Each structure stands twice: as C-alpha cells, then as structure tokens.
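Peer 1: Structure here, sequence nowhere to be found:
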C-alpha cells in the first residue's frame, strides 16, 4: 500500500528532479517547432514535402505515446526513459548529419520519423513512474505539475529561446544546441531517478506474458466501458486547443485585422496561463472531486470559453485587450481536465500501464480529431460552425462524466460496474 509522501503544493518531492528533467528535455525537443518547417522549405523542398516530414513524425509519436504506458510498466519506467533518451540523441544526430546536412529527403523522413518515437517514450514513462509512486489521493495534483513542466519546456523555453539563439548561431546551430538541453534533461532523469519507486510486478513477467499485457493497450477499450468513455472525454478535452490553432488565425488575421504577431501573442498568453492552471486544478481536483471538476469547470467551462473565443472578437473587432479575455478563459478551463490522468489508472488498478496507454492514445487522437472536424465543417458552416461543433462536443463530454464511475479517495466511493470482473483476470 502506498504511503502518503512529502510534497510541496502537490509536487511529490521524491520526484522533483524528474519534473525538472521533463521541463529541460522538452525545451530541447521543442526548439524546432517554430522554424523547422520553414527551414526545410528554405532548403529547396516543397511545402508538401515539409508537411510529410511532420506527418511521419506525428504518426510515430502517436504510436509511441499509445504503447509507452505498458512498455514502461513491463520493463520499468527508468529503462523506458533511458531508451527514449538515447533514441532521441542518436536519431537527432543522424537527422542533422545525413538528413538536413546532406539534403537527403528519404533520410530526413527516416531519422526524424524514428525520432518521433523518442519523446513520448521519455515523458510518458515518467507519467507511469508517477502513477506507480504517488498515492492515488495525490495523483491529480502530481499530474498537474507534470503538465505544468511540459508547458514550461515545450511551450515557453522551447518556443522563446530560439528567438535569441537563431540570430547568434543560426537555425542549424540552434538545432544542434537542442542536443545540449535534451542531454542535460536525460542525464538528470537517468541519474537522479535511478532508485525512485518500486518496479511493477509485471516487470518479472515472461516475454509471452509481457506481450499479452501489451495487447491490453488495445483490448482494454472493449472490456472496460468506463475506460472507453473516459477516452472520449480526454479526446474532447483539447479539441479547442488543437482546433483553434488551425481556424482562429483565419478569423483574427484574415478577417479582423490582427497582425500575425498579435495573434501569436494572444495564443502565447493562453499557453502561459496553463502553466499555473494545470497546478491549480490538479490540487483543486482532490478537493472538488475529479469528475465533478471535469464536468463543471472543464466541459461546461470550455464550452463557454470556446464560444467566447469567437463571439468576443467578432463583437469588439481589432481589440487585443478584449481578445486576451477568451484566451485566459480557455487557459483556465482546458486545464480543469487534469484529473483525467488520475482517473484512468484508478479505473484499472491492476493494469495501470494499459490504462495510461489509453490516456496517451486519447491525447494523440485529440490532435488528429480537432483539425479533422475543422476541415469537414468549414466548407459548409464556416468558422462559427466549427466553434459550435466543438461546443456541442464539450456538452457531450459533460454528460459522459455522469456515466463514468470512479472510486476517488476522500470522496463518496462508487463501485465501478465492470472493474471487479477485469481485476479478477490473471495477468
């Protein structure tokens, strides 16, 4: 049985260096986000060829995210993080030397695509370590800190530091500089998390049993309806985040007269707010109740924020101050879904790795579903139609939270209808 651990505002102190390692690692991983696509086209490749590089990368990242929970559980999170770290360094170096360095498009696809497997394996294996180490009554706040560190890394340092390094070292130099950040973050994790946590009993399974456990990352969706509904809720969680990044520049820049810089500043404020609200909602979820918070502040809150993101700028026009209001609102409400990370493993206490894998799959699918909805709805109902579809989906998610039954420590205990059946199954 897990004992209550020392923490600081919900941050588990025994995992402190792991959280810092995530921020440092993701800073280096995020360096290229702002300019790599343009860098590839500047080398003479077409926009379509550049887009394909990122499509292959995204597909690999989705596969790695899906499997990382189970992989971390059956080989230990520390070993999985080590594999992800080494894979990143090797593939990034090969990508720089033989892909970009030789302007060899097939090798760019190959090495950058394989590198897409690395960061999900590193960061989501740490999520598995958090799940194994932190008592479930503290899991919501612990995951709030994880997402805050992720945002600091890829959303803040990873986005802003290249604006200073590119004038000094150039784009190629900045891409090489990323290795230093990933190297520091990876070494911190490898050395300072070495003796943290107790390996899952699944680390001692035979290869055949480990393969069976890996398959649960698929089958669990069909054997546990609460996991399936939670998966839908998590997909809906970030549809506005990924969807608005596609459609709102068309509105703000294309129709309302905002400059691209103004729009990027508005969007940056949204990400900045999530650093603090991820921590806040992680802590509050333990007091309010995981699903109660997700329902009222996440689902209903995001429905209201999504409408505000469209109608406030439409009403006030080119007014940056008023445009920041819905950005802050969305930054507050989208983070209220943080407790969903705690819900998944609690719904499947004997198969936590598979549950976390489904959570990761849901996050990846959200990145795909949001722009897909936009592409289907835009030709018929314009931007306002997309906003209303997103709003309706948030309301659907609110209803789903009434159907998911989870036993949260410190709150009314609700038996999960199918959980006893799944728990009785042999490993």
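Peer 2: Structure's in. What do you need? This is a predicted model, so every value here is computed, not measured. Residues are numbered from 1 along each chain as shown.
Peer 1: residue boundaries of the strands in the stretch 51-200 of the chain?
Peer 2: Using DSSP state E, counting those that start in this stretch, no strands are found in the stretch 51-200 of the chain.
Peer 1: shaky segments in it?
Peer 2: Scanning the stretch 51-200 of the chain with the threshold set as pLDDT under 70 gives 197-200.
Peer 1: Show me the helices in it, by range?
Peer 2: Using DSSP state H, counting those that start in this stretch, the helices of the stretch 51-200 of the chain run over residues 77-94, 105-115, 118-133, 139-150, 158-160, 162-192.
Peer 1: out of those helices, nearest to residue 280?
Peer 2: helix 139-150 (7.3 Å; CB to CB). To be clear about C-beta, it is placed using only N, CA and C from the backbone, and glycine gets the same treatment.
Peer 1: show me the contacts for the nearest residue to residue 70 once chain neighbours are set aside.
Peer 2: In space, and not counting its chain neighbours, residue 70 is closest to residue 353: 4.1 Å by CB to CB, 6 or more residues apart in numbering. Taking CB atoms under 8 Å, 6 or more residues apart in numbering as the contact definition, residue 353 lies against 69, 70, 71, 72, 73, 74, 128, 200, 202, 213, 216, 217.
Peer 1: List the buried residues for stretch 293-308?
Peer 2: 293-308 (16 or more other CB atoms under 10 Å).
Peer 1: and what of stretch 282-296?
Peer 2: 282-286, 288-291, 293-296.
Peer 1: re the thing from before, next one: the residue nearest to residue 70 from residue 288, what distance?
Peer 2: To residue 288, residue 353 is 28 Å away according to CB to CB, to the nearest Å.
Peer 1: ok, now residue 145?
Peer 2: Counting by CB to CB, the gap from residue 145 to residue 288 is 18 Å.
Peer 1: show me the biggest helix of this protein in terms of residues.
Peer 2: In the chain, with assignment by DSSP state H, the single longest helix is helix 352-403.
Peer 1: tell me the angle that one makes with helix 118-133.
Peer 2: Between helix 352-403 and helix 118-133, the angle comes out at 80 degrees (axes from the mean of the first three to the mean of the last three CA atoms, to 10 degrees).
Peer 1: hang on, the earlier thing: from the contacts of residue 353, which would you call buried?
Peer 2: Applying 16+ other CB under 10 Å to those flags 69, 70, 71, 72, 73, 74, 128, 200, 202, 213, 216, 217 as buried.
Peer 1: OK, contacts around the second one?
Peer 2: Shown here is residue 70, whose contacts under the criterion CB under 8 Å, 6+ apart are 213, 214, 216, 217, 353, 354, 356, 357.
Peer 1: Over to the last one?
Peer 2: The neighbours of residue 217, taking CB under 8 Å, 6+ apart as the test, are 66, 67, 69, 70, 353, 354, 357, 358, 361.
Peer 1: Swap in 7 Å and give it another go.
Peer 2: Contact analysis of residue 217 by CB atoms under 7 Å, 6 or more residues apart in numbering lists 66, 67, 69, 70, 354, 357, 358.
Peer 1: Then the third one?
Peer 2: By CB under 7 Å, 6+ apart, residue 71 lies in contact with residue 80.
Peer 1: In a helix, residue 322, correct?
Peer 2: Yes. Residue 322: assigned to a helix according to DSSP: H, G, I helix; E, B strand; the rest coil.
Peer 1: And for it, the neighbour number?
Peer 2: 13 (other CB atoms under 10 Å).
Peer 1: from memory it sits against residue 311, does it?
Peer 2: No. With contacts counted by CB atoms under 7 Å, residue 322 stays clear of residue 311, the gap being 10.9 Å.
Peer 1: if we can go back for a sec, just the ones of the buried residues of stretch 293-308 in helices?
Peer 2: Short answer: those in helices (DSSP H) are 293, 300, 301, 302, 303, 304, 305, 306, 307, 308.
Peer 1: sorry, back to before: ok, the buried residues of stretch 293-308 vs residue 259, which is closest?
Peer 2: residue 308 (21.6 Å).
Peer 1: Give me the buried positions along stretch 50-57.
Peer 2: Neighbour-count burial for stretch 50-57 [16+ other CB under 10 Å]: 50, 52, 53, 54, 56, 57.
Peer 1: what does that stretch rub up against?
Peer 2: Here stretch 50-57 has contacts from 37, 40, 41, 108, 109, 112, 113, 116, using CB under 7 Å, 6+ apart.
Peer 1: Distance to residue 318 and neighbour count for the residues you listed - can I get that in CSV?
Peer 2: Conversion of these to CSV gives the following (distance: CB to CB, whole Å; neighbours: other CB atoms under 10 Å):
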residue, distance to residue 318, neighbour count
37, 28, 16
40, 33, 25
41, 30, 15
108, 40, 24
109, 41, 18
112, 38, 24
113, 41, 21
116, 38, 22
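Peer 1: Quickly check those for the two that are furthest apart.
Peer 2: Top of the distance list for those (CB to CB): 41 and 116, 19.6 Å.
Peer 1: How about residue 63: what's its closest non-neighbour residue?
Peer 2: Using CB to CB, 6+ apart, the nearest residue to residue 63 is residue 117, at 7.1 Å.
Peer 1: try residue 145
Peer 2: residue 11 (4.7 Å).
Peer 1: ok, what's across the strand from the one you found?
Peer 2: Note on residue 11: beta-bridge partners by DSSP bridges are residue 8.
Peer 1: can you tell me how far it sits from residue 278?
Peer 2: For residue 11 relative to residue 278 (CB to CB), the value is 12 Å.
Peer 1: These two: which is more packed in?
Peer 2: residue 278 (26 against 21).
Peer 1: Flag every buried residue along the helix or strand that contains that one.
Peer 2: Using DSSP states H and E, residue 278 falls within helix 260-288. Within helix 260-288, the residues that count as buried by 16+ other CB under 10 Å are 262-264, 266-267, 269-275, 277-286, 288.
Peer 1: And the residue nearest the centre of the chain, how close does it get to residue 60?
Peer 2: With distances taken as CA atoms, centre = their mean, the residue of the chain nearest its centroid is residue 363 (5.9 Å). According to CB to CB, residue 363 stands 15 Å off from residue 60.
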